[in-house]
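1. next input, structure requested:
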Amino acid sequence: MPELLKSRVETCYQQAESFFKRPFPRPEVSFKLRGQKAGVAHLHENLLRFNLQLYRENSEDFLKQTVPHEVAHLVAHQLFGERIQPHGEEWQLIMRGVYELPPHRCHNYAVKRRTVTRYIYRCPCAGSDFPFSAQRHSLVRQGRRYLCRRCRNTLVYSGETRVE
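-> The predicted structure is shown next:
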């Protein structure tokens, strides 16, 4: 499956070379992207990272829109240099002119959010909960203190957790 994606990257580069009548160095392509982003272009490393899960779930649009979107970032950087906006007019020119695609900034793929556990802290003065992340809860267990903004007392772990 990644071979089709790599092939699309190559096709996009060939289109850009034909359009601009100059060669472009090929990037390293990685499939180690997770989370909400479909793709990321690392300009200085000449690296493209793609989210294989989102590719599997949206392969047709991914090949049509996401791959050229990320390639356009690298091509724009190589043509116009450091000082351009990520989705500015230079990038838009490449999306419209080279790939004949609308310059959409973001994908609209359905992304499964991971569940997170919140650790509930309280203060005697406040009737509200203070949900802490696992990282912040761990810092408290290592001795860090967090204070109530109202009375400046130390927030205390209630023993409760909440999954969001």
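
2. partners of the longest strand along the chain, with directions?
-> Counting residues, the longest strand in the chain under DSSP state E turns out to be strand 156-163. Strands that pair with strand 156-163, judged by DSSP bridges, come out as strand 117-122 (antiparallel).

3. what are the buried residues along the strand it pairs with?
-> 118-122 (16 or more other C-beta atoms under 10 Å). C-beta: built from backbone N, CA, C; applies to glycine.

4. who touches that strand?
-> 129-134, 136-137, 140, 146, 155-158, 160-164 (C-beta atoms under 8 Å, 6 or more residues apart in numbering).

5. which outside residues touch the helix or strand encompassing residue 91?
-> Following DSSP states H and E, one finds residue 91 within helix 89-93. Helix 89-93 is contacted from outside by 72-73, 76, 79-80, 84-85, 103, using C-beta under 8 Å, 6+ apart.

6. in helices only, show me these.
-> 72-73, 76, 79-80 (DSSP state H).

7. sec struct for residue 24, please.
-> coil (DSSP: H, G, I helix; E, B strand; the rest coil).

8. and the helices in the chain, which stretches?
-> Under DSSP H, the chain gives helices at 2-20, 52-57, 59-61, 67-80, 89-93, 134-141.
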